[in-house]
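K.L.:
would you be able to build a 3D model of this:
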Amino acid sequence: QVQLVESGGGLVQAGGSLRLSCAASRRTFSPDTMAWFRQAPGKERDIVATITWNDYTNYADSVQGRFTISRNNAENTVAVYLQMNSLKPEDAGVYYCNSYPPRLGYWGQGTQVTVSP
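P.N.:
Residues are numbered from 1 along each chain as shown. Next comes the predicted model:
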């Protein structure tokens with residue numbers, strides 16, 4: 001069983017930046033595609049960005065040009081990052097990483113992002 005651990009969230013003013021990190025608890029974990037998801041209060045969990053094993057990226061329209069997803073493939077595991085710039089209040093929520101398509105057993109606790117106006 002793999003546990004994904006997200007970190008880097010916090011409270012930031014609109015226009016500010018945060019860098020989220022995601023690491024796997026298991027030494028052998030390297031899905032072809034990884035993704036970041038966001039769940040705002042009262043809403044479904046939506047995809048924010050994806051990255052393939054060869055660094056092909058894709059973004060939700062709402063974050064295109066402001067967020068950057070990256071990954072570090074180290075030996076048999078992977079770390080994933082999300083650089084978030086020019087943050088807006090609507091970017092707030094709990095951010096999760098997972099493989100893509102997501103695996104139910106991989107969801108971690110997420111990291112909370114709060115953006116004040």
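K.L.:
show the pLDDT at Phe29.
P.N.:
Reading off the confidence values, Phe29 has pLDDT 72.
K.L.:
is it in a helix, a strand, or coil?
P.N.:
coil (DSSP: H, G, I helix; E, B strand; the rest coil).
K.L.:
what's the neighbour count on it?
P.N.:
Neighbourhood size, Phe29 [other Cβ atoms under 10 Å]: 18. For the C-beta atoms, the positions are set from N, CA and C on the backbone; glycine is no exception.
K.L.:
that one against Thr77, yeah?
P.N.:
Yes: using Cβ atoms under 8 Å, Phe29 makes contact with Thr77 at a distance of 5.0 Å.
K.L.:
quick one, what contacts the residue nearest the centre of the chain?
P.N.:
The structure's the chain has its C-alpha centroid closest to Trp36; by Cα atoms, centre = their mean the separation is 3.0 Å. By Cβ atoms under 8 Å, 6 or more residues apart in numbering, the contact list for Trp36 reads Leu20, Cys22, Ile47, Val48, Ala49, Thr50, Ile69, Val80, Leu82, Tyr95, Tyr96, Cys97.
K.L.:
what are the ranges of the strands in the protein?
P.N.:
4-7, 10-13, 18-24, 33-39, 45-52, 57-59, 67-74, 77-84, 93-99, 111-116 (DSSP state E).
K.L.:
next one: Leu104 from Ile47, what distance?
P.N.:
15 Å (Cβ to Cβ, to the nearest Å).
K.L.:
please apply the same query to Ala92.
P.N.:
Distance from Ala92 to Ile47, by Cβ to Cβ: 16 Å.
K.L.:
higher neighbour count, those two?
P.N.:
Between Ala92 and Ile47, counted using other Cβ under 10 Å, the more crowded position is Ala92 (19 against 16).
K.L.:
pretty sure the more buried one contacts Thr111?
P.N.:
No: applying Cβ under 8 Å as the test, Ala92 and Thr111 come out as separate, 11.9 Å apart.
K.L.:
just for this protein, where's the confidence low?
P.N.:
27-28, 76 (pLDDT under 70).
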